[in-house]
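*Asks:* Show me the folded form of this:
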Amino acid sequence: MTPRVHALDALRGVAIFAMLLVNNPGSWQHVYGPLLHAEWHGLTPTDLVFPGFIFVMGVTIAIQLPRVLDRAPNLYCVLLTAFKRGGTLVLLGWFLYLFWYDFSAPQYDWVASRLSSLRYLGVLQRLGIVYALTVLIMCVVPRRWLFSVAIGLLFIYWLLMSLVPYTTADGQIFQGLWLHGNSLAAYLDNLWLGSEHVYYSKASPFAFDPEGLLSTIPAVSSCLLGVVAGRYMLVENGCPTKLLNFALLGICAGAALSTWIPINKALWTPTFVIITSGILVYLLWAAITLEKRFQWFRPGSPLLVAGTNSIALYMIAGIFTRLLLMIRVDGASLKQWIYQPITQVVSDPKLASLCFALLFCFVCYLPLRWMYRRNLFWRV
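*Replies:* Next comes the predicted model:
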C-alpha cells in the first residue's frame, strides 16, 4: 500500500479546521474581518476555505484515481463508485439540513418547516457533485488536456453568464450581471430549484444558492486545477519553480481581469477560481516543503488527525452546532449558556467570540482524536 502524503492530509486538516472556525463564532455580531466572507465582490482569507477543500480534493483524486483505474476490472466500476461516493455526500448534506427541531415552539411542524423546504444544494452536496464530475472527466479526457478542460469550463461559464439573457417576473430583460440575486446563475436556481429550496431565499429579483447549479461548472474547474497541480508536484515530481511561476502569473491575470469579471465566491467567478487556485498552489508547495525538509507533520499531529477524517469531523461539527441551538437551558440555547461566561471573562467581544469558536473546534476534535488512536477512518 502506498503511504499517505502527510502534507496533503495536513492541508486538508487546515481547510476543515478553518471551515469550523469561521462557521461557529460565539456571536455573528462580533467577528474579526478576516474571519468573515466578503460581503459580495472581493476576497478574504475565509473565502479561501471552501475552494481550498475542493482544490485538495482534486490533488487527492490525482494521486488515488490512477491506482483505482489499475485495480478496477473496468471503467464502469470506477464511475459507479465515484457516483456512489458523490451521492453519499449529497445525502449527508441533506441529513444535516434535516437534523433540526425547534423545541422552543410548541406547535413546530418539522415536515412543513424543514422537510418541505429542503435545501437541495450546499457544501457537502457541492463536494459530492464536483467529485463525481471530476472523476468522470478524468476517465474520458486524456491527462494532457485536463488543464485545457479546466480553463475551457471557466470560459464557457463566463460566456453563459455574460451573453445569455434572462427575464424577471415583471418582464424586464437582463444580461451579463454579477449581482446579488440578479445573474443568470440566480435566475436558473430560482427557476429550477425554487425559492424555498435555496440559501438566499429572500434575494431579489431571484432567490439563489451560493452552491447553485450553474456555479458548479467553475467549481469543477477548481477541482481540476487541483488535479493538475497534484499530478505535477506529487505524481510526476515536476519542477516546483515552474508551477509556482505559473500560479503567480494566474494570480496576476485574475487580479487584472477582475475589472471586468468580479472576484466573487457566491458566484464562483472565473477570477475567483484563478486567484484562489494560484494561492492554493503556493499553500500546497509550502505544506510539501514543510513535510520533506522539516518533518512538520508527524503521525498523531492535530492537522493529520483532522485531515485523515475530514468528513467525519464536518459531520460531528454540523450535528454539534445544531444541538447547541436546539437544546435549551434556563430559557436560552445551550450555545448562549456556554458563550455568556466567556464574554464575562474576555472583555473584547470579538476575542470572546473567537474564543468560543476555538473551544468549539477543540470539542469537535476530541472524538476525532479517539477515532485516530483506534485506527477508525470514515471513508465515504
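*Asks:* Correct me if wrong: residue 244 contacts residue 280.
*Replies:* No: if you go by C-beta atoms under 8 Å, residue 244 and residue 280 don't touch, sitting 11.9 Å apart. C-beta here means a position set from N, CA and C on the backbone, and glycine is covered the same way.
*Asks:* Same drill for those two, tell me which one is more crowded.
*Replies:* Per other C-beta atoms under 10 Å, whichever of residue 244 and residue 280 has more neighbours is residue 280, with 26 against 15.
*Asks:* three-state assignment of the more buried one?
*Replies:* Of the three states, residue 280 takes helix under DSSP: H, G, I helix; E, B strand; the rest coil.
*Asks:* Name the nearest residue to it, sequence neighbours excluded.
*Replies:* residue 55 (4.4 Å; C-beta to C-beta, 6 or more residues apart in numbering).
*Asks:* how many other residues sit next to that neighbour?
*Replies:* 30.
*Asks:* For residue 112, see how far away it is.
*Replies:* The gap separating residue 55 from residue 112 is 39 Å, by C-beta to C-beta, to the nearest Å.
*Asks:* Could you report the neighbour count for residue 14?
*Replies:* 19.
*Asks:* Which helix or which strand is home to it?
*Replies:* If you go by DSSP states H and E, residue 14 is part of helix 6-23.
*Asks:* So what's the gap between that helix and the chain middle?
*Replies:* In terms of C-alpha atoms, centre = their mean, to the nearest Å, the centre of helix 6-23 is set 11 Å apart from its chain centre.
*Asks:* what do you get for stretch 47-60?
*Replies:* 7 Å.
*Asks:* Let me know how buried residue 258 is, in neighbour terms.
*Replies:* Residues lying near residue 258 (other C-beta under 10 Å) number 20.
*Asks:* do the same with the one 4 residues further on
*Replies:* Close neighbours of residue 262, defined as other C-beta under 10 Å, add up to 17.
*Asks:* Cross-check the contact I'm expecting between it and residue 275.
*Replies:* No: checked against C-beta under 8 Å, the pair residue 262 and residue 275 is beyond contact range at 11.4 Å.
*Asks:* for the nearest residue to residue 27 once chain neighbours are set aside, what are its contacts?
*Replies:* Spatial nearest neighbour of residue 27, chain neighbours left out: residue 353 (4.9 Å); criterion: C-beta to C-beta, 6+ apart. By C-beta atoms under 8 Å, 6 or more residues apart in numbering, the contact list for residue 353 reads 25, 26, 27, 30, 31.
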